[in-house]
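S.K.: Below is the structure, and that's it, no one-letter string:
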């Protein structure tokens with residue numbers, strides 16, 4: 001092997017180039033990048049717009065000159081690859097400055113083209129004041145528009161990670177923000193019973209949310225933009241397109257490489273395409289879902305970096321394989337943190353998995369130490385084995401480390417019983433002696449061992465219509481007075497043992513409390529006294545959050 005050509009920089013291309021050089025000092029490496037920068041912190045762009053990151057240069061991870069000096073890589077920026085010729089093993093490029101056309105031969109070729117923002121084919125999509133965010137230049141344009149025009153309002157189309165990060169950072173600029181989302185919820189990697197807290201939190205911040213709504217057209221007017229939606233219309237000064245990305249795979253298609261229906265480049269575990277001497281990594285590739293084994297596409301920086309390392313190893317003759325992505329992701333939304341890993345319940349249902357779920361309210365650290373904040377955790381697990389399949393966490397402090405532990409558990413194919421045996425760091429400022437991750441293990445083990453049977457918030461409407469059961473609320477009367485679910489009788493937990501004779505053993509009991517803990521204790525009392533009882537997972541607190549969200553749509 002004499003020459004490796006890498007098309008594209010940033011996470012995939014730059015990582016692969018550096019790894020190849022560390023493995024092989026003799027190989028010639030040429031990196032072709034159509035933009036001005038080979039490596040910049042694209043995940044930091046929204047925070048530069050929001051002035052959280054104040055220095056533009058802080059986003060430049062490597063200049064072309066510094067990268068060439070460090071890794072002895074020929075870096076050619078503003079060089080656009082216009083054709084790949086697998087039979088000749090060449091690429092055709094155009095120097096965007098001189099317009100000169102050249103051919104470069106390769107022994108191995110690595111494609112890291114990334115993805116491009118989806119731009120709907122609607123009237124006005126190219127109007128001034130309409131932006132997308134992919135590059136540093138995009139962030140410059142948005143920032144300049146804000147500084148020069150002092151907009152009072154903005155619409156963000158798309159409620160995914162980038163959309164919410166942009167909503168926050170526009171808000172930080174004093175701009176009134178409306179989010180328009182085609183789906184019936186924001187953040188579709190989360191289930192709707194977890195994202196409800198995000199909806200409620202954003203509304204409390206003054207951000208408007210329009211769900212199940214589609215952008216139809218954009219028109220310029222004297223004050224900015226007039227936006228027509230599937231349901232209604234909006235006037236705004238600027239609009240951010242954040243409806244997702246599509247793989248930039250046209251070059252691969254024209255070269256005859258195998259693609260999936262979404263245009264993703266199909267690769268094997270070595271990151272080889274259908275042409276063995278051509279590799280591909282990053283947002284443009286189809287890879288395997290680690291949990292389900294199904295084909296998927298995961299446009300995240302972590303997987304792109306790992307794929308680049310695997311491709312580099314194989315290019316250099318070492319054996320390495322990519323085992324799949326589990327889509328671990330985290331998002332800051334003002335003071336709130338949202339994290340997810342593995343599959344969600346929607347995916348488990350779609351794939352016909354035999355799964356169950358638990359909801360857990362826990363605190364970020366010991367409650368007697370100041371500053372403890374609630375975490376809401378949802379874990380999907382395999383019914384028979386207790387294998388952890390996915391987790392979602394919404395809260396404030398401590399979200400990241402709990403989701404990272406659960407992500408590790410999924411990667412290690414751990415079960416709930418393994419979680420309860422984990423010995424995690426504890427001191428009152430950081431955790432509790434029984435960490436929330438341990439508590440997840442305890443809860444699932446109780447289900448697996450038949451010590452408790454759960455019911456869920458979706459079941460309540462049907463249960464309220466039944467006369468052959470008892471709905472029981474074991475909260476204190478003062479709590480019930482502040483909010484209750486129709487049809488539930490109230491017997492406070494401390495009084496339950498003294499009132500067992502008032503309950504009918506021929507009827508099933510469905511028990512609730514605020515968080516699910518006291519109702520679990522009530523279940524243990526009832527079951528050991530001959531009753532058949534069920535526990536409301538997540539408690540009234542979850543039910544209340546979901547209904548608050550639904551009432552404001």
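M.R.: Structure received. The structure displayed is predicted, hence computed values, not measured ones. Numbering: from 1, shown residues only.
S.K.: For residue 37, report the pLDDT, please.
M.R.: Note on residue 37: pLDDT of 86.
S.K.: What of residue 57?
M.R.: Confidence score, pLDDT, at residue 57: 88.
S.K.: how many other residues sit next to it?
M.R.: Per other CB atoms under 10 Å, the neighbour tally for residue 57 reads 6. Using the backbone N, CA and C atoms, a C-beta is placed for each residue, glycine as well.
S.K.: Just confirm it is within a strand.
M.R.: No. Judged by DSSP: H, G, I helix; E, B strand; the rest coil, residue 57 forms no part of a strand; its state is helix.
S.K.: Give me the residue at the spatial middle of this protein.
M.R.: What sits nearest the mean C-alpha location of the chain, by CA atoms, centre = their mean, is residue 329, with 4.2 Å.
S.K.: Which strand residues bridge that one?
M.R.: Residues in a beta bridge with residue 329, per DSSP bridges, are residue 340.
S.K.: didn't it look like it was pressed against residue 161?
M.R.: Yes. Assessed by CB atoms under 8 Å, residue 329 is found in contact with residue 161 at 6.7 Å.
S.K.: Now stretch 413-431: average pLDDT?
M.R.: Regarding stretch 413-431, the rounded mean pLDDT is 96.
S.K.: Can you point out the buried residues in that stretch?
M.R.: Across stretch 413-431, burial judged by 16 or more other CB atoms under 10 Å covers 414-416, 419-420, 424, 430-431.
S.K.: repeat for stretch 334-342
M.R.: Within stretch 334-342, the residues scored as buried using 16+ other CB under 10 Å are 334, 336-342.
S.K.: Then stretch 33-51?
M.R.: Applying 16+ other CB under 10 Å to stretch 33-51 flags 33-35, 37-42, 44-50 as buried.
S.K.: And the strands in the stretch 101-250 of the chain, which stretches?
M.R.: Under the criterion DSSP state E, counting those that start in this stretch, strands of the stretch 101-250 of the chain are mapped to 101-105, 108-111, 115-117, 130-132, 153-157, 176-180, 208-210, 215-221, 224-229, 233-236, 238-241, 245-247.
S.K.: One more: the stretch 251-400 of the chain?
M.R.: 265-266, 278-280, 285-288, 295-296, 329-333, 336-342, 355-363, 374-382, 388-395.
S.K.: again with the stretch 401-550 of the chain
M.R.: Using DSSP E, counting those that start in this stretch, strands in the stretch 401-550 of the chain cover 454-455, 469-473, 489-490, 508-512, 533-536.
S.K.: Please identify which of these is closest to residue 401.
M.R.: In terms of CB to CB, the element of the strands of the stretch 401-550 of the chain nearest to residue 401 is strand 454-455, at 26.1 Å.
S.K.: Quick one: residues in contact with the closest one.
M.R.: 356, 358, 447, 463, 510, 534-537 (CB atoms under 8 Å, 6 or more residues apart in numbering).
S.K.: ok, so of these, who is nearest residue 387?
M.R.: residue 356 (11.0 Å).
S.K.: In this structure residue 141 contacts residue 131, no?
M.R.: Yes. Here residue 141 reaches residue 131: they are 6.3 Å apart, a contact under CB under 8 Å.
S.K.: which one of the two has more residues nearby?
M.R.: Neighbour tally, residue 141 and residue 131, criterion other CB under 10 Å: the higher count belongs to residue 131, 19 against 14.
S.K.: ok so, going back, gap between the residue nearest to the centre of the chain and residue 487?
M.R.: Counting by CB to CB, to the nearest Å, the separation of residue 329 from residue 487 is 39 Å.
S.K.: same question, residue 48
M.R.: Taking CB to CB, one finds residue 48 at 52 Å from residue 487.
S.K.: And residue 442, by the same measure?
M.R.: Taken as CB to CB, the span from residue 442 to residue 487 is 30 Å.
S.K.: Same question for residue 207.
M.R.: Distance of residue 207 to residue 487, given as CB to CB: 35 Å.
S.K.: cool, residue 272 as well?
M.R.: In terms of CB to CB, residue 272 sits 60 Å off from residue 487.
S.K.: what does residue 286 give?
M.R.: Counting by CB to CB, the gap from residue 286 to residue 487 is 49 Å.
S.K.: between those two, who's got more neighbours?
M.R.: Between residue 286 and residue 487, counted using other CB under 10 Å, the more crowded position is residue 286 (21 against 15).
S.K.: tally of neighbours for the residue nearest to that one when sequence neighbours are not counted?
M.R.: Distance criterion CB to CB, 6 or more residues apart in numbering; nearest residue to residue 286, sequence neighbours excluded, is residue 264 at 3.8 Å. Other residues lying near residue 264 total 24 when counted by other CB under 10 Å.
S.K.: and what of residue 412?
M.R.: Every residue meeting other CB under 10 Å relative to residue 412 is counted, giving 9.
S.K.: ok, now residue 344?
M.R.: Residue 344 has 24 nearby residues by other CB under 10 Å.
S.K.: so it touches residue 391, yeah?
M.R.: No. With contacts counted by CB under 8 Å, residue 344 stays clear of residue 391, the gap being 9.3 Å.
S.K.: can you list residues touching both of the two?
M.R.: Contact criterion CB under 8 Å, 6+ apart; residues shared by residue 344 and residue 391: residue 380.
S.K.: Return, as residue ranges, the portions of the stretch 351-500 of the chain with sub-threshold pLDDT.
M.R.: For the stretch 351-500 of the chain, no stretch has pLDDT under 70.
S.K.: Tell me where it has helices.
M.R.: In the stretch 351-500 of the chain, the segments counted as helices under DSSP state H, counting those that start in this stretch are 399-411, 416-421, 436-448, 460-464, 477-482.
S.K.: could you dump the ones you listed to JSON lines with distance to residue 126?
M.R.: Converted to JSON lines, the helices of the stretch 351-500 of the chain look like this (distance: least, CB to CB, whole Å):
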{"stretch": "helix 399-411", "distance to residue 126": "39"}
{"stretch": "helix 416-421", "distance to residue 126": "51"}
{"stretch": "helix 436-448", "distance to residue 126": "48"}
{"stretch": "helix 460-464", "distance to residue 126": "47"}
{"stretch": "helix 477-482", "distance to residue 126": "52"}
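S.K.: wait, which of those helices is closest to residue 317?
M.R.: Using CB to CB, the nearest of these to residue 317 is helix 399-411, at 26.6 Å.
S.K.: what sits against residue 378?
M.R.: Applying CB under 8 Å, 6+ apart, we find residue 378 in contact with 191, 193-194, 345, 357-360, 391-393.
S.K.: domains for this protein, by residue range?
M.R.: 3-114+246-315, 130-243, 335-447, 454-551 (automatic domain parsing).
S.K.: Dump those domains into JSON lines; add distance to residue 324 as well.
M.R.: Shown next, in JSON lines, are the domains of the chain (distance: least, CB to CB, whole Å):
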{"stretch": "domain 3-114+246-315", "distance to residue 324": "4"}
{"stretch": "domain 130-243", "distance to residue 324": "16"}
{"stretch": "domain 335-447", "distance to residue 324": "10"}
{"stretch": "domain 454-551", "distance to residue 324": "29"}
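S.K.: Help me confirm that residue 540 comes into contact with residue 512.
M.R.: Yes. Assessed by CB under 8 Å, residue 540 is found in contact with residue 512 at 5.8 Å.
S.K.: neighbour-wise, which of these two wins?
M.R.: Remark: of residue 540 and residue 512, residue 512 carries more neighbours, 28 against 24, as counted by other CB under 10 Å.
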